[in-house]
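Asks: kindly generate the corresponding structure for this input.
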Amino acid sequence: MADVLMVYWSGTGNTEMMAEKIKEGLENEGLDVEMAMVDEITPADVEHYQKLVFGCPSMGEEELEETEFEPFFEDITHLLKDKHIALFGSFGWGEGEWMKLWEARVKDAGAHLFSDGLKVNYTPTDEDEEACVAFGEAFAKI
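Replies: Next up, the predicted model:
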């Protein structure tokens, strides 16, 4: 079993780019990462990990993607207590309110939220990609 489970959803590829770079950062610190799109994993898989990374872009009215990711996250929220959680995603409008709401849900579940969620406006720039690698490296060290 890997050290970290990363579950994400990406429509345009922006959040997937972030996932790849965060994974790179985790691996730079020697961790083994299982990375999966949300439709490739079940809630039962989450139970086996103490370190989890979730990625989802802002959709609609500053919400998590509602067809696949939101139902999955709702199903696993009760499993997050005492786990270490990192959040990331991209957005194209607004101020990133979806991330604040998502962070609150994680805290309310009794999980240990790592830092503020990492958010990138639209397509990650080279600087954003470096920030994603650094985010992964920092999360690996907790």
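Asks: tell me which element V120 falls in.
Replies: Using DSSP states H and E, the element containing V120 is strand 118-121.
Asks: mind listing what's buried along that strand?
Replies: By neighbour count, and taking 16 or more other Cβ atoms under 10 Å as the criterion, the buried residues in strand 118-121 are 118-120. Placement of C-beta: from N, CA and C, glycine included.
Asks: who's in contact with it?
Replies: Residues outside strand 118-121 that contact it (Cβ atoms under 8 Å, 6 or more residues apart in numbering) are 14, 18, 22, 58, 86-92, 96, 99, 128, 131-132, 135.
Asks: ok, which stretches of the protein are strands?
Replies: Here the chain has its strands, by DSSP state E, at 4-8, 33-37, 51-55, 84-91, 112-113, 118-121.
Asks: my read: V133 touches K23, true?
Replies: No - because the distance of 9.2 Å does not satisfy Cβ atoms under 8 Å, V133 is recorded as not touching K23.
Asks: give me the more crowded residue out of those two.
Replies: Taking neighbours as other Cβ atoms under 10 Å, V133 and K23 compare with K23 leading, 21 against 18.
Asks: against T12, how distant is that one?
Replies: For K23, the distance to T12 equals 19 Å [Cβ to Cβ, to the nearest Å].
Asks: same deal with K141?
Replies: The span separating K141 from T12 equals 30 Å under the rule Cβ to Cβ.
Asks: comparing the two, which shows the higher neighbour count?
Replies: Neighbour tally, K141 and T12, criterion other Cβ under 10 Å: the higher count belongs to T12, 12 against 8.
Asks: so where's the chain shaky on pLDDT?
Replies: Flagging of the chain using pLDDT under 70 yields an empty set of residue ranges.
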